[in-house]
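>>> Show me how the following folds:
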Amino acid sequence: MIRFIRNVISAVLIIYVVYFTLTLDDNFFDALLSENDDYDLEPVNDQVSSDPINLICVSCSKPNVHGTRDIDKPLSQALTMIKSAALSTKQELHVHVFTEKEMTLLFEEELSGAKKENPYLEHFKFTVREIDYTKIPENLRKAWKTWYKPCGSFRLLTPFILPDEGVHKAIYADSDVVFIRPIDKLWAQMSKLNAKQVMGIVPTAPLSESKLPSGRIGSIKENYHENEKYIFDDMERGMYQINTGVLLMNFEKMLKAQWKKPSSSHKLIDGYSSDLLLTYYDKYKAVAEHDQKLMNYVFHFNHELLYPMPCEYNWKTDYCMAEKKNIVCIEADENGPVAIHGITSAFFSDEHPVLKMMYRTFKDYDWREKNENAMKAVGEELKNALEMSRYAKSYCGVKMRNVINALVNS
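I've put the predicted structure just below:
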């Protein structure tokens, strides 16, 4: 009798264990196999960070041949860049516009109008601020505001300003940049920065995926001090220069980092500051005709702080020129570029008709239109325009097919 009772109890226990095991989800076993002792029954969240993407835009009027200030072109360029970024993503996007007093209302009217009329721009936010050069000495303000192009140097001052507004990381993009694939992909590159790196920038030409021969590395290092406008790659793939049309900036890390002065003694400056910029400006202003060149000198001495990003995040005019076909961006050729940068005024030049066509398609697209698949619509318009033109089979026309595919499939 006792044996019978034991057998019954054993059978009940076996049935209970089997039932309990079958009703558990996979997360339980994942938790057992992991080092984490906490068991969470909620589904694993594979979504990107919920933090908003911060995008900086700097735009000022330009003097024209008549001696007056041209507002229309810089305003239109900046709005086209912002439009492409906003339409490319569904993640919360906060655009920080820095402009002159005369242009603030124009930006606010256009941006608020698009946001109000298009329900698919609910994720889009913006703040328009007047440009303020008070972060640098008064005797240099006029020179810096007109350095190379109106207020172009102001991007170097944004790391001092935005942290006070609660913004600690941001993307900067020139107004002659158009986003093709989601800006989220560029934002995700922020996580690739190592503990030391404070900024991500695309080299002017793609770096090799492999290290250089050790003998060559030694030769480069020996002559490095004589090539101050070049930057040494920490992965030992050679030297390069940078294009500052697209920047990833971690303000917190920039402001805390130790920056070397431009000297062989490598004296340090605590944190990214106006003192740092002016130290380099005073030494190199004769040869650095714009802030991009200045940053090449800064990072020559501070290359360990820089993360060289893949070329697809700043796909420049050169990649669409037959005479420069030796310069190849493999990532963009496979998937389409994330951002196209129309350097050398390519978006307005008859020498670059395909890029001009692409830009005009974005510029003319009405982003107040209630279209959930706006980027696809832009891609189809561009496809029709290219096929009807005489440039469809040109070198740049063939490259543009990857752009169209990226838009249509977005």
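>>> make it CA atoms for all contacts and neighbour counts henceforth
Fine.
>>> Return, as residue ranges, the portions of the stretch 251-400 of the chain with sub-threshold pLDDT.
Applying pLDDT under 70 to the stretch 251-400 of the chain flags the ranges 264-265.
>>> Helices of that one, start to end?
Secondary structure of the stretch 251-400 of the chain (DSSP state H, counting those that start in this stretch): helices at 251-256, 274-284, 291-300, 330-335, 353-364, 374-388, 395-408.
>>> And for the stretch 101-250 of the chain?
Ranges of helices in the stretch 101-250 of the chain, per DSSP H, counting those that start in this stretch, are 101-117, 138-145, 158-161, 183-188, 214-222.
>>> Contacts only, for Glu380.
With contact taken as CA atoms under 8 Å, 6 or more residues apart in numbering, Glu380 is in contact with Ile404, Val408.
>>> that older thread, can you tell which of the helices of the stretch 101-250 of the chain is closest to Cys60?
Nearest to Cys60, of all the helices of the stretch 101-250 of the chain, is helix 101-117, at 7.7 Å by CA to CA.
>>> which strands and helices sit next to the closest one?
helix 72-88, strand 124-130 (3 or more CA pairs under 8 Å, 6 or more residues apart in numbering; DSSP states H and E).
>>> And these: which comes nearest Thr158?
Comparing the helices and strands packed on helix 101-117 by CA to CA, strand 124-130 comes nearest, at 11.4 Å.
>>> Identify the residue nearest Thr244 in space, chain neighbours excluded?
The shortest distance from Thr244 to any non-neighbouring residue, by CA to CA, 6 or more residues apart in numbering, is to Gln292 (5.7 Å).
>>> rewinding a little: from the helices and strands packed on helix 101-117, which stretch is densest packed?
helix 72-88 (a mean of 21; mean count of other CA atoms under 10 Å).
>>> Tell me the helices and strands packed up against that one.
By 3+ CA pairs under 8 Å, 6+ apart, helix 72-88 packs against strand 53-59, helix 101-117, strand 177-179, helix 353-364, helix 374-388.
>>> Output the ones you listed as JSON lines; include the columns distance to Asp234.
JSON lines is the format used below for these (distance: least, CA to CA, whole Å):
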{"stretch": "strand 53-59", "distance to Asp234": "27"}
{"stretch": "helix 101-117", "distance to Asp234": "41"}
{"stretch": "strand 177-179", "distance to Asp234": "28"}
{"stretch": "helix 353-364", "distance to Asp234": "34"}
{"stretch": "helix 374-388", "distance to Asp234": "37"}
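>>> tell me the most buried of those?
strand 177-179 (a mean of 28).
>>> Looking at that strand now, give me its mean pLDDT.
Averaged over strand 177-179, pLDDT sits at 98.
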